[in-house]
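Asker: got a structure for you, letters missing:
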């Protein structure tokens with residue numbers, strides 16, 4: 001992927017040197033959907049950073065001037081012109097608008113450079129920060145999947161099912177003027 005710069009961020013492919021930054025937020029994932037990506041130690045983070053570096057599907061979101069990853073985004077192409085998108089940010093950098101800034105830059109890239117017609121995201125209903133981000137980006141809530149998926153089990157070993165929201169936005173909707181938010 002071509003490097004994308006915003007006022008405060010750099011969006012780029014992962015590098016093997018991003019392992020420590022990746023470990024900082026994947027050591028204890030906040031959202032259930034990232035539990036399968038939990039990293040136990042630096043060696044696991046190094047392997048994951050190397051795996052992500054081999055693909056344009058995972059995008060490191062780094063602070064300008066430091067190159068420290070504060071999160072990541074993904075964009076999986078579904079031929080011919082639809083992308084599944086998502087994000088995971090380090091809680092230590094929360095509340096500063098980095099997720100909105102990064103997602104806007106990625107969405108613009110996907111629509112204008114990659115020719116996307118439609119972007120969609122699945123978000124756990126309990127993950128209010130993520131569904132609010134979707135709404136700030138102008139995505140519309142398309143549906144609620146009740147007890148859609150399980151990422152964990154209860155104390156008896158039974159699956160705990162999550163309700164999942166689906167959000168989407170079309171290229172023609174993205175190009176409409178939106179109120180400025182951070």
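Answerer: Arrived safely. For clarity, every value in this text was computed on a predicted model and none was experimentally measured. Numbering: from 1, shown residues only.

Asker: So residue 56 sits against residue 1, correct?
Answerer: Yes - if you go by CB atoms under 8 Å, residue 56 and residue 1 touch, sitting 4.3 Å apart. The way it works is simple: take the backbone N, C-alpha and C, and place the C-beta from them, glycine included.

Asker: Between those two, which is the more surrounded one?
Answerer: When neighbours are counted by other CB atoms under 10 Å, residue 56 and residue 1 differ, and residue 1 comes out ahead with 17 against 13.

Asker: quick one on the thing from earlier: would you mind listing the residues touching both of residue 56 and residue 1?
Answerer: Contact criterion CB atoms under 8 Å, 6 or more residues apart in numbering; residues shared by residue 56 and residue 1: residue 13.

Asker: just the strands in the chain please.
Answerer: Secondary structure of the chain (DSSP state E): strands located at 4-5, 9-13, 58-63, 69-78, 82-89, 118-124, 140-153, 159-170.

Asker: Which stretch among these is buried most, on average?
Answerer: Highest mean neighbour count among those (mean count of other CB atoms under 10 Å): strand 58-63, with a mean of 24.

Asker: so what does that strand touch, helix or strand wise?
Answerer: Contacts defined by 3 or more CB pairs under 8 Å, 6 or more residues apart in numbering; DSSP states H and E place strand 58-63 against strand 9-13, strand 69-78, helix 98-112.

Asker: Just the angle for it relative to strand 9-13, thanks.
Answerer: With axes from the mean of the first three to the mean of the last three CA atoms, to 10 degrees applied, the angle from strand 58-63 to strand 9-13 works out at 150 degrees.

Asker: Can you give the distance from strand 58-63 to the centre of its chain?
Answerer: On the basis of CA atoms, centre = their mean, to the nearest Å, strand 58-63 sits 10 Å off its chain's mean C-alpha point.

Asker: next one: stretch 61-73
Answerer: How far stretch 61-73 lies from its chain's middle: 13 Å, per CA atoms, centre = their mean.
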